[in-house]
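Participant: Got a sequence here, can you model it:
(chains A and B)
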Number of protein chains: 2
Amino acid sequence: MKTADKILLISLDLFNTQGERNITSVDIANELDISPGNLYYHFKGKDQIINALVESYIAKMNAIPQSTDNNKAFYEYLFHALETMHLFRFLFQNIAELSQQYPAITKKMQRLSNSQRQYLREALLAQKSRGTLKGDDADIDLLLDIISLTLFQNLNYYQMQGDSLVDPNIVYRTLMTIYFSLQPYYVESEETRAIKQSILDKTLV
Amino acid sequence: MKTADKILLISLDLFNTQGERNITSVDIANELDISPGNLYYHFKGKDQIINALVESYIAKMNAIPQSTDNNKAFYEYLFHALETMHLFRFLFQNIAELSQQYPAITKKMQRLSNSQRQYLREALLAQKSRGTLKGDDADIDLLLDIISLTLFQNLNYYQMQGDSLVDPNIVYRTLMTIYFSLQPYYVESEETRAIKQSILDKTLV
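Facilitator: Numbers count the residues shown, from 1 in each chain, chains lettered A, B, ... in the order given. Have a look, this model is predicted:
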């Protein structure tokens, strides 16, 4: 692995587990057993490291297939998005502080979450036009709010409750919450039953 | 107003608008036009100020009536809880950083949110036993997760979306999201229709 990649990997782990505020460039260099000068050769300070991590987060998110062809594809999208957010969880755990400190990053994150919300809307509308989801436009808007809130804030919620974020089942737990929000609007079918079962069995992907 | 109260009021405003991380004791003294020594006489550093704010937040929350007698009382509770959280929003915007920096505060906040969750559960079970809410025990658990997630994380979500947190309608917006999550489980009645209308009209309390 290249030194720059190692720096990013270690920084991500330190930010996630100890908080971005509490980690300095020197801590990162120490953890990697390299000199601060060597670290500086790759990244001119913590700002650049955070920026590179945000770029990597956005690239990973954008690489997740956004299909509206069937309901399962929608849940697969959510699964991979939740997994990616879990991997980069320090970005969500301190959104207010990060916004104040790095306004450019906030803009990028907002652009991404708007485009994700747009996909979620299209996927719900496609489910509606296939006849698997009932509800008028106002319902779709409110469902979208609940799904987005759950998607983007589940980690903060678990943390607040004192639940472990390292739990490997955390993605499925959130996925079940999202499925449950939509359930009253589903026209029951073989497809929706199979999706629900695969979430409960943790075999969706 | 006593100086100690003024210090808390100004600190809360500065933390909410500029971020707790970015505000020092000296900033607070400057804003109040008092000397750092005078501030120190009342609070021995930012830790003590934050601790006093947390105590005040908990006292306000505990003062909200927790009635399970009718569905309207449940929404009134949520309204006042949301209003209080909005007033102390810096506590929710940086929960991860605050947890790492002030573990004692996190414990207190968790104890409060657990007792609030307990009230919400009792209120839902009371709605069920009155016959106004359908659903089995698993449904109640998942509804509780969605309601708690919305209650505790709505401000982070709006912030992430770039929505203004100063919007006076923000409490009603969240209340509508919570009502909407429960709506499929309500047995429609004059009472539930009246509650929904009062949320839409912003006349609940």
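Participant: Which element is encountered next along the chain beyond the longest helix seen in chain A?
Facilitator: Ranked by residue count, the top helix of chain A under DSSP state H comes out as helix A:103-129. Remark: after helix A:103-129, the chain's next helix or strand is helix A:137-161, criterion DSSP states H and E.
Participant: Now do the helices in chain A.
Facilitator: Counting by DSSP H, the helices of chain A are A:3-18, A:25-32, A:36-42, A:46-62, A:71-87, A:90-93, A:95-101, A:103-129, A:137-161, A:170-182, A:190-200.
Participant: Let's have those helices in JSON lines, adding mean pLDDT and distance to residue B:116.
Facilitator: Backbone N, C-alpha and C define where each C-beta goes, glycine included. JSON lines is the format used below for the helices of chain A (pLDDT from 0 to 100; distance: least, Cβ to Cβ, whole Å):
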{"stretch": "helix A:3-18", "mean pLDDT": "95", "distance to residue B:116": "28"}
{"stretch": "helix A:25-32", "mean pLDDT": "96", "distance to residue B:116": "36"}
{"stretch": "helix A:36-42", "mean pLDDT": "95", "distance to residue B:116": "44"}
{"stretch": "helix A:46-62", "mean pLDDT": "96", "distance to residue B:116": "32"}
{"stretch": "helix A:71-87", "mean pLDDT": "96", "distance to residue B:116": "26"}
{"stretch": "helix A:90-93", "mean pLDDT": "85", "distance to residue B:116": "21"}
{"stretch": "helix A:95-101", "mean pLDDT": "75", "distance to residue B:116": "22"}
{"stretch": "helix A:103-129", "mean pLDDT": "92", "distance to residue B:116": "28"}
{"stretch": "helix A:137-161", "mean pLDDT": "91", "distance to residue B:116": "11"}
{"stretch": "helix A:170-182", "mean pLDDT": "95", "distance to residue B:116": "18"}
{"stretch": "helix A:190-200", "mean pLDDT": "95", "distance to residue B:116": "28"}
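Participant: that older thread, so which elements touch the longest helix of chain A?
Facilitator: With contacts taken as 3 or more Cβ pairs under 8 Å, 6 or more residues apart in numbering or on different chains; DSSP states H and E, helix A:103-129 sits against helix A:46-62, helix A:71-87, helix A:95-101, helix A:137-161, helix B:137-161.
Participant: thinking again about what came up before, so for residue B:96, which of the helices of chain A sits nearest?
Facilitator: Smallest distance to residue B:96 across the helices of chain A (Cβ to Cβ): 3.3 Å, for helix A:90-93.
Participant: Okay, domains of chain A per the record?
Facilitator: Chain A breaks down into these domains under automatic domain parsing: A:3-44, A:54-200.
Participant: Save the ones you listed as TSV, and put in distance to residue B:139 too.
Facilitator: Listed next are the domains of chain A as TSV, based on distance: least, Cβ to Cβ, whole Å:
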stretch	distance to residue B:139
domain A:3-44	33
domain A:54-200	8
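Participant: Would you format those domains as CSV with mean neighbour count and distance to residue B:98 included?
Facilitator: CSV is the format used below for the domains of chain A (neighbours: other Cβ atoms under 10 Å in any protein chain shown; distance: least, Cβ to Cβ, whole Å):
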stretch, mean neighbour count, distance to residue B:98
domain A:3-44, 16, 10
domain A:54-200, 17, 9
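Participant: For residue B:125, which of the ones you listed is the nearest?
Facilitator: Nearest of the domains of chain A to residue B:125, taken as Cβ to Cβ: domain A:54-200 at 17.9 Å.
Participant: Can you measure across that closest one, start residue to end residue?
Facilitator: Domain A:54-200 has an end-to-end distance of 32 Å (criterion: Cα to Cα, to the nearest Å).
Participant: do the same with stretch A:130-142
Facilitator: Span of stretch A:130-142 from end to end, Cα to Cα: 20 Å.
Participant: Likewise for stretch A:23-37?
Facilitator: End-to-end distance of stretch A:23-37 (Cα to Cα): 17 Å.
Participant: Give me the contact status of that stretch with chain B.
Facilitator: No: with Cβ under 8 Å from any Cβ of the partner chain as the criterion, chain B is not reached by stretch A:23-37; the gap is at least 10.4 Å.
Participant: cool, and stretch A:45-53?
Facilitator: No: judged by Cβ under 8 Å from any Cβ, stretch A:45-53 makes no contact with chain B; its nearest approach is 13.8 Å.
Participant: how about that stretch: buried residues?
Facilitator: A:46, A:49-53 (16 or more other Cβ atoms under 10 Å in any protein chain shown).
Participant: In TSV: the residues you listed, plus distance to residue A:181.
Facilitator: Formatted as TSV, these follow (distance: Cβ to Cβ, whole Å):
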residue	distance to residue A:181
A:46	38
A:49	36
A:50	32
A:51	34
A:52	35
A:53	30
